[in-house]
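Asker: Pasted the sequence and its predicted model underneath.
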Amino acid sequence: MKHPFICFLLIFLLAVSCQQNDKLAVPPAPYGPVPTEAQLKWQQMEMNMFCHFGPNTFTGNEWGDGTEIEDIFNPTQLDCRQWTQIAKAAGFKGIILTAKHHDGFCLWPNPESEHTVAHSSWRNGKGDVLKELSDACRQEELGFGIYISPWDLNAPTYGTPEYNGVFKRTLESALSQYGEVFEQWFDGACGEGPNGKRQEYDWPLFNNTVHQLQTQALIFSDVGPGCRWVGNEEGRAGRTCWSLLNTDGFTPGAGAPPQDTLTVGNRNGKHWIPAEVDVSIRPGWFYRDSEHPKSVKELMHIYYQSVGRNGLLLLNVPPDQRGLIAREDSMRLMQFAAALKSVFSEDLARKAYIMAASNIRGVKYPSHYWMERGFVHGVRNINEYEYGVFNLLDGHYDTYWTVDDSVTSASVVMSFPEQVTFNRVMLQEYIPLGQRVSKFHIKILTPDGEWKTIATETTIGYKRILLVPMCTAKAVRICIDESLACPVLNRVALFKDEVYSNLAEE
């Protein structure tokens with residue numbers, strides 16, 4: 001043989017290749033706080049509807065003062081089934097109702113109060129909005145949630161120790177007779193009551209009451225514990241948005257963390273408390289004839305800055321004085337749903353036919369993989385199936401690409417048989433194992449053969465949608481620059497938003 005060294009080298013490389021470990025590697029251990037099953041289910045809802053409804057609907061006030069005559073609440077055509085049908089058609093997965101706002105008026109016959117529907121002439125005092133909405137939500141397979149403000153401008157015991165017991169029994173009344181509640185919404189509002197005194201809320205008592213009656217319900221407040229206020233009412237999570245939060249020493253309301261902390265979260269937070277982004281479709285929270293809903297463009301921008309930044313969007317759509325969602329609002333929601341469908345109905349990343357990764361868990365020498373007639377080729381051992389890059393495109397939430405434990409920076413490249421044009425990039429971390437990525441960037445291979453950076457960002461979380469300039473590429477590279485532990489991604493997707501292409505990251 002003329003070239004014995006080359007022959008030996010070829011034999012050695014072949015032997016190494018054949019000795020790739022075909023034993024399944026141990027999956028990554030969870031890193032840091034992780035979501036509960038209920039929190040994961042909540043995050044996957046992505047969009048819920050908020051309904052502010054009560055005496056303010058009829059007075060035109062944003063905040064009532066607790067002296068409203070009960071008869072002022074008189075929706076003449078209340079139809080909660082109309083609410084739920086509109087919500088479902090618009091893509092919402094649940095509805096949260098203001099069962100009691102700061103004025104103290106209760107939309108159900110709360111035995112702890114005389115300021116309720118039972119003391120009004122509406123339906124001869126037999127009406128119950130909570131029952132009608134909870135029944136309608138079950139019919140449409142939507143989650144049912146309740147907002148009950150701890151502030152009460154009507155309760156004579158507000159501002160005394162006795163009130164905490166009154167509020168506990170109020171919670172028991174609302175949470176024990178209307179079926180499953182997916183979210184109990186608290187705010188920390190604490191003003192003076194009818195006696196001029198402020199209340200010291202017993203938050204442990206309130207939270208324990210919720211957990212005892214609705215074990216699966218997430219509690220919303222400035223500090224959770226289920227999910228947190230995002231720190232603003234503009235429909236915007238931070239470009240950096242951790243689902244982690246430190247709550248030691250903080251309470252809802254005046255004792256809450258700073259608003260910028262709520263918007264961003266804490267990189268090394270002790271608790272999994274994801275951000276909920278509450279915003280109204282109208283200028284105010286309660287319905288007024290003089291106001292009109294936001295444009296589709298504004299709603300799309302809100303979507304990108306909430307769901308697209310690791311948050312859940314809670315969009316307020318207030319029923320009118322008839323007890324119906326106004327036609328103008330309903331039409332806007334249908335337009336919004338159509339706009340989302342037009343953008344996200346086709347994932348251009350699924351056109352990739354060659355993929356490569358800098359590292360795959362349990363694989364010593366990752367190679368290129370290609371797709372042909374629905375089959376993945378180039379796979380040499382079980383780990384390439386279990387943790388490989390095509391898991392990013394298979395549409396299954398519980399499959400993912402990940403790397404060896406010692407690796408905290410890694411990259412994936414996807415190539416296309418024909419150039420693709422897009423301006424939205426979606427990334428998802430597999431959050432049951434924790435939120436890990438703290439810095440990443442994206443490059444494209446331009447038609448002239450140059451690699452160009454189109455985005456540099458920080459966190460990903462459950463879902464990140466990047467607004468990049470419209471670009472045409474032969475290949476796309478996702479580069480994880482920093483991760484608190486080995487990155488675990490379960491989706492990469494590319495989309496084209498032609499109508500609202502001028503929206504940009506802010």
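Answerer: Perfect, I can see it now.
Asker: can we go C-alpha only for contacts and neighbour counts from here?
Answerer: Noted.
Asker: Please save the CA atoms from stretch 359-372 in CSV.
Answerer: In CSV, the C-alpha atoms belonging to stretch 359-372 read as follows (Å, rounded to 0.1, in the frame of the first residue of the first chain):
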residue,chain,number,x,y,z
ASN,A,359,-23.5,20.1,19.8
ILE,A,360,-26.1,17.5,20.5
ARG,A,361,-26.5,15.9,23.9
GLY,A,362,-24.7,12.5,24.0
VAL,A,363,-23.3,12.8,20.5
LYS,A,364,-19.5,13.2,20.1
TYR,A,365,-19.4,14.3,16.5
PRO,A,366,-22.7,16.0,15.4
SER,A,367,-23.2,16.0,11.6
HIS,A,368,-25.6,17.5,9.1
TYR,A,369,-29.0,16.0,8.9
TRP,A,370,-31.4,16.4,6.0
MET,A,371,-35.1,15.9,5.4
GLU,A,372,-36.4,13.9,2.5
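Asker: List the buried residues for it?
Answerer: Residues of stretch 359-372 classed as buried by neighbour count (16 or more other Cα atoms under 10 Å): Asn359, Ile360, Arg361, Gly362, Val363, Pro366, Ser367, Tyr369, Trp370, Met371.
Asker: okay, among the residues you listed, which ones form the most distant pair?
Answerer: Gly362 and Met371 (21.6 Å; Cα to Cα).
Asker: Not counting residues beside it along the chain, what's closest to Gly378?
Answerer: Tyr369 (4.9 Å; Cα to Cα, 6 or more residues apart in numbering).
Asker: wouldn't that neighbour be in contact with Ala352 here?
Answerer: No. Counting by Cα atoms under 8 Å, Tyr369 sits too far from Ala352 to count as a contact (10.4 Å).
Asker: can you give me the helices for the stretch 101-250 of the chain?
Answerer: Assigned by DSSP state H, counting those that start in this stretch, the stretch 101-250 of the chain shows helices spanning 129-139, 161-175, 203-213.
Asker: how far does the first one sit from the chain's center?
Answerer: Taking Cα atoms, centre = their mean, to the nearest Å, the mean C-alpha location of helix 129-139 is offset from the chain mean by 23 Å.
Asker: who does that helix touch, helix- and strand-wise?
Answerer: If you count contacts as 3 or more Cα pairs under 8 Å, 6 or more residues apart in numbering; DSSP states H and E, helix 129-139 packs onto helix 80-89, strand 94-100, strand 143-148.
Asker: do the same with the second one
Answerer: Helices and strands touching helix 161-175, as assessed by 3+ Cα pairs under 8 Å, 6+ apart, comprise helix 203-213.
Asker: got the angle between the helix it packs on and helix 161-175?
Answerer: Put simply, helix 203-213 runs at 20 degrees to helix 161-175, going by axes from the mean of the first three to the mean of the last three Cα atoms, to 10 degrees.
Asker: Helix 203-213: which residues count as buried?
Answerer: Phe206, Asn207, Thr209, Val210, Leu213.
Asker: May I ask which two of these are separated the most?
Answerer: Phe206 and Leu213 (11.0 Å).
Asker: can you give me the strands for the stretch 201-350 of the chain?
Answerer: 218-221, 227-229, 244-245, 271-272, 275-280, 311-316 (DSSP state E, counting those that start in this stretch).
Asker: and the third one, how far out from the chain's middle?
Answerer: When distances are taken as Cα atoms, centre = their mean, strand 244-245 is centred 15 Å away from the chain's centroid.
Asker: where in the stretch 151-300 of the chain is pLDDT low?
Answerer: Within the stretch 151-300 of the chain, no range satisfies pLDDT under 70.
Asker: what sits opposite the residue positioned nearest the centre of the chain in the beta ladder?
Answerer: Residue closest to the average C-alpha location in the chain (Cα atoms, centre = their mean): Leu312, at 2.3 Å. Legend: beta-bridge partners of Leu312 under DSSP bridges are Glu276.
Asker: For it, give me its contacts.
Answerer: Counting by Cα atoms under 8 Å, 6 or more residues apart in numbering, Leu312 touches Gln43, Met45, Glu46, Met47, Asn48, Ala275, Glu276, Val277, Ser306.
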